[in-house]
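[1] Turn this into a structure:
(2 chains)
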There are 2 protein chains.
Amino acid sequence: MTYRAPVSDIVFTMRHVAGLDWAVADGVYGDLSADLAETILGEAGRFANDVIAPLNRDGDKHGVVLKDGVVTTAPGWKAAYTAWTEAGWNALPGPVEYGGQGLPTLLNSACVEMWNAASMAFGIGPVLTMGAIEALNIHATEDLKSRYLEKLVSGEWTATMNLTEPQAGSDLAALRSRAEPSSDGTYRITGQKIFITYGEHDLTDNIIHLVLARLPDAPAGTRGISLFLVPKFLPDGTRNDVRCHSIEHKLGIHASPTCTMIFGDNGGAVGWLVGEENRGLNCMFTMMNNARLAVGLQGVAIAERAYQQALGYANERKQGRAIGAVEGMSPIAVHPDVQRNLLTMKALTAAARAICYMTAEAIDRAHLEEDPARRKKAHERASLLTPVAKAFSTDIGMEVASIGVQVHGGMGFIEETGAAQHYRDARIAPIYEGTNGIQAIDLVVRKLPLSGGQTVRAQIAAMRATVARLMKEGTPAFGTTAARLRDTIESLDRATSHLLQQVSSNAQGEALAGATPYLRLFALAQGGAALAEMALAANAAMAGGDGDPAHAGRIALCRFFAENIAVGAGGLEDTVLNGAGFLQDATLALAS
Amino acid sequence: MTYRAPVSDIVFTMRHVAGLDWAVADGVYGDLSADLAETILGEAGRFANDVIAPLNRDGDKHGVVLKDGVVTTAPGWKAAYTAWTEAGWNALPGPVEYGGQGLPTLLNSACVEMWNAASMAFGIGPVLTMGAIEALNIHATEDLKSRYLEKLVSGEWTATMNLTEPQAGSDLAALRSRAEPSSDGTYRITGQKIFITYGEHDLTDNIIHLVLARLPDAPAGTRGISLFLVPKFLPDGTRNDVRCHSIEHKLGIHASPTCTMIFGDNGGAVGWLVGEENRGLNCMFTMMNNARLAVGLQGVAIAERAYQQALGYANERKQGRAIGAVEGMSPIAVHPDVQRNLLTMKALTAAARAICYMTAEAIDRAHLEEDPARRKKAHERASLLTPVAKAFSTDIGMEVASIGVQVHGGMGFIEETGAAQHYRDARIAPIYEGTNGIQAIDLVVRKLPLSGGQTVRAQIAAMRATVARLMKEGTPAFGTTAARLRDTIESLDRATSHLLQQVSSNAQGEALAGATPYLRLFALAQGGAALAEMALAANAAMAGGDGDPAHAGRIALCRFFAENIAVGAGGLEDTVLNGAGFLQDATLALAS
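    As a prediction, this is how the structure comes out:
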């Protein structure tokens, strides 16, 4: 079972939840139309299906090989990568002045989902290159930009992000890599970086490393970190003093090389400062929303892939007899428990996709709106939604991949089947680009207080407006959707008030203790409201005579989510309000 | 970080939840005392820690090798297995007349947990041998028993269960393997069996296969299946006509060979009938409660192992600064979100352990009680609890192993760390020995109606009695535990009434659709009540002057479970009552 990009679901989500139609109407997206978007996504889907998806299983089996400092990717990967860049996909969101197509983050997000569904190990490479392009475009000197951006935008070269060191993971304040200024205006970088994705590979002729390091006189902590551009090959063609020391033997995404990089074994790697001295983290934060969203999209992607595979298997595999059937075996997809599994997979995937695409549109508006007040609002909305998009989507990516194994029964545990690979691959996304625990803390401590709480209040008000429309909707197919989503959103509202009060008082520890259940609660409410928007749009289309059979499914999926998944909101609220305060004491009691 | 058997937690659970003290006082356990049990478990723990646990990582890396029909296990495994049998651990629960020690299932269950925590791939082998011993002891002829049981009880030989065929997994009615009677009273077995755990290996000189097959004149379906004993080597020392055709490349438990077995390539493997013709499934069901419990214990085991590893890492790894700390980095175990992860791991593990041990004690009483009415009650209680023990424990095994990876951050994704192995190993337990979906269906359709619903009612009444004691408990350390557990149990009660009504009416499809959330709800209530029993016992001990610092932790763990985990009950109840009815229609709407 290979992957088939769900282009019509994707386009429907973009139009009816992520505001593609409004953004086009507003003129925010220039001359992009919904039709053009659909055409582009159809092409991307074909590329993902036909070229990338077939690499996924072999890439997993083959992995990558490090020999004498050279990393060789799996057979077929270099050709696929080259074809992918030549088709212009890497350049899709890139700046026009450097050869990019300047298309919106929303459109690229849908593509990122498809590349990663086709193969997460393939998709993660470009995520890093695109992030580096963004950081350089905003912070680098014109000289650096003119030297590097064109080849990064085209994908002729790739980029890496070198943050982590053995003692500095989530806590970058502990970072030790050093940068010594040289008389020619460059710097000499020394240090060891770990977990560097595509730190070394054979896909391209050069690799541009963005490296966080400290200047000699830098203050301690995060305010003494600067960002440097360190190319594998220097402009004169000589090899820079940077090498891949080892690659990791990982649980998943085997085809993606994860490297330990050594800078400056022979006196220091030549690097150029990006942005101001000691402001390296700010430069990194520039691209943080996008990179986090991209990892969230990996969660959506692996969930979609796992769902398609499980659905295909459940429709083919015959065991047992359907209730009411007279003889013979039935496809397991008719059994209620398997149906619950498949519906849960699809509903979680659709909700996560909707949240990610909403985040993408907010990022676009934060850049493209002309009115500064609207830009700020959009920026804050993107900031609010980003940790939810990252953490919820990657959590459900893992959950859905695990259900996918379960639907396959014993076959799911056999590597040849492929379901197990999704379960392994999915496991990294809740960890990298800021663990999901850190996302939850970011949501509660930094994002809820934005504009004195007005940003989150506005978001909840929008959810309530959706439910108000649902309440007026008399179609029996909606069942108790409106009431369930109303309860979910009210739970979110109360939990939000509670946390806002805590973060502004001295109860920050308790707020942190409630952060993870709160993020899940937020996602249930936001995801439910998003599915309701799609269900309402589908219902309106049906009332208008649109005979697309997918519309009834959209209503059903929303109802399933509301009645079977969003109902977990009450328990989550309870945990935030009543349970979280006890964590510290419980830990102390257990440690004794 | 290796494994340290949590003997004192295990003994406390056995005494205060699983009724070891009462059973000893009742005389049900003969001359076993709590002290003797603790001594035995201490020895078992040392063996698990010192001999088995060190094999786990290498076994995973090395796997097993099939060459010319011979399966070679990883280095060190044969020696460890031999030492384990020579120390008498395989014989612990075995019948005394065949050299066993005849010790209770409860005691053996604690040992099974430890063997599997030390290494799941090691522990699963004996689970099958012990199951076969039970089936043979009850159903086989004296002749077969005298020929095979002694060596199976000692562990000199191992046994396998040959049920699954490519077209017959959960649905054994589709089974095709054949058995032809021979004139000498034996049978000739032909057919292919897949997923046969330890179907071939080098640990012992002989392997005794229990094989399900059809006689020539057998009725179709499950009433035409018979059970046969098929040894690898015949009594005269010649090789039987059975061979390992291939071994699976699996997601986890790499050191456990999973074989495709071919019976009768050369005219038929010689087999002996076990039990009556066409009653093979009944013989299998004899051992089903025990085998399912054993797999549940694997879930507890992998959760305990993952928890210990995560806790060790969280206490060592320093990142960030604790709230209120002045300088330097703090162990990540002080951060509230990490605390939530660790507490969730420990609470789920403790609840699952308690449910498994309660099930074990019920199995013991079903065999050992003298009064037939008490035996029947115990048997029904064991039958009710078994699917919960199997499914909940293996689900949380997977969940806890996944949280364990998360606590390790990026290191968790690196295979050398070991956390990823637990995540991979844990994934099989919800699948084999009856998928967890099938456990949930068994619970709802076959177990709830036992004695007209009185069995489940009695179980709920016992939970309520525990909460009534909690309600009277004024110790502030309990917080809102009583109220939360009361709500959980009332949710269970309402959901139970609803399902009992549905299974007795024509709404069986809806009952099946609610089965999985119902099983989880049952486990939250039962697990919460069990942790409360332990907390009450700890509290009483403290009041009586017992200065064991673990007691305060037991109260804290119960409270954490009640306030942070059991609160999910309302949502699950809602799903059972309100959500499940829509699954069939939702599936139809989405299929169009």
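
[2] What's the local residue count around the residue nearest to A:I225 when sequence neighbours are not counted?
    Nearest non-adjacent residue to A:I225, counting by CB to CB, 6 or more residues apart in numbering or on different chains: A:G280, 4.3 Å away. For glycine as for every other residue, the C-beta is placed from the backbone atoms N, C-alpha and C. A:G280 has 32 neighbouring residues, counting by other CB atoms under 10 Å in any protein chain shown.

[3] Return the distance of the helix or strand of chain A with the lowest mean pLDDT from the chain's centre.
    Ranked by mean pLDDT, DSSP states H and E, the helix or strand of chain A with the weakest confidence is helix A:508-513, at a mean of 90. From the chain centre to the centre of helix A:508-513 is a distance of 25 Å (CA atoms, centre = their mean, to the nearest Å).

[4] Which helix or strand lies directly C-terminal to that helix?
    On the C-terminal side of helix A:508-513, the nearest following helix or strand under DSSP states H and E is helix A:515-543.

[5] near chain B, anything from stretch A:424-432?
    Yes. Stretch A:424-432 comes into contact with chain B (CB under 8 Å from any CB of the partner chain), by way of A:R424, A:R427, A:I428, A:P430, A:I431, A:Y432.

[6] Which secondary structure state does the fourth one sit in?
    In the three-state summary, A:P430 is assigned as coil, counting by DSSP: H, G, I helix; E, B strand; the rest coil.

[7] how close does it sit to B:H379?
    Distance of A:P430 to B:H379, given as CB to CB, to the nearest Å: 43 Å.

[8] So for those two, which residue has more residues nearby?
    Counted by other CB under 10 Å, A:P430 and B:H379 do not tie: A:P430 has more neighbours, with 28 against 19.

[9] Name all residues that make contact with A:F413.
    A:V405, A:A420, B:E248, B:K250, B:L251, B:G252, B:R427, B:I428, B:I431 (CB atoms under 8 Å, 6 or more residues apart in numbering or on different chains).

[10] at 6 Å instead, please
    B:K250, B:L251, B:I428 (CB atoms under 6 Å, 6 or more residues apart in numbering or on different chains).

[11] Likewise for A:I332?
    A:A314, A:R317, A:Q319, A:V338.

[12] Not counting its neighbours along the chain, what's nearest the first one?
    Distances taken as CB to CB, 6+ apart place A:A333 nearest to A:A314, at 3.8 Å, with adjacent residues excluded.

[13] would you say the one you found is within a helix?
    Yes. Counting by three-state DSSP, A:A333 falls inside a helix.

[14] helix/strand/coil for A:T160?
    strand.

[15] Quick check: it touching A:F195?
    No. Using CB atoms under 6 Å, A:T160 makes no contact with A:F195, being 10.6 Å away.

[16] Nearest spatial neighbour of A:N56, chain-adjacent residues omitted?
    Nearest to A:N56 is A:S119, by CB to CB, 6+ apart, at 4.0 Å.

[17] repeat for A:M120
    A:D425 (4.6 Å).

[18] Surely that neighbour touches A:L251?
    No. Between A:D425 and A:L251 there is no contact under CB under 6 Å: 8.4 Å.

[19] In terms of packing, which of the two has more residues around it?
    Taking neighbours as other CB under 10 Å, A:D425 and A:L251 compare with A:D425 leading, 31 against 23.

[20] what sits up against the lengthiest strand in chain A?
    In chain A, with assignment by DSSP state E, the single longest strand is strand A:187-197. Residues from elsewhere that reach strand A:187-197 (CB under 6 Å, 6+ apart): A:124, A:128, A:160, A:162, A:164, A:166, A:177-182, A:211, A:213, A:228, A:230, A:258-264, A:268-269, A:271, B:410.

[21] Could you pick out which of these are located in strands?
    Per DSSP E, the contacts of strand A:187-197 map to strands at A:160, A:162, A:178-181, A:211, A:213, A:228, A:230, A:258-263, A:269, A:271.

[22] hmm, which of those residues are the buried ones?
    A:160, A:162, A:178-180, A:211, A:213, A:228, A:230, A:258-263, A:269, A:271 (16 or more other CB atoms under 10 Å in any protein chain shown).

[23] hey, where'd the strands end up in chain A?
    Under DSSP E, chain A gives strands at A:65-67, A:70-72, A:158-162, A:178-181, A:187-197, A:207-213, A:226-231, A:242-247, A:258-263, A:269-274.

[24] is the third one anywhere near chain B?
    No. Contact of strand A:158-162 with chain B is not found when judged by CB under 6 Å from any CB of the partner chain; the minimum separation is 13.2 Å.

[25] what about that strand, average pLDDT?
    Averaging pLDDT along strand A:158-162 gives 97.

[26] And it, what does it pack against?
    helix A:120-139, strand A:187-197, strand A:207-213 (3 or more CB pairs under 6 Å, 6 or more residues apart in numbering or on different chains; DSSP states H and E).
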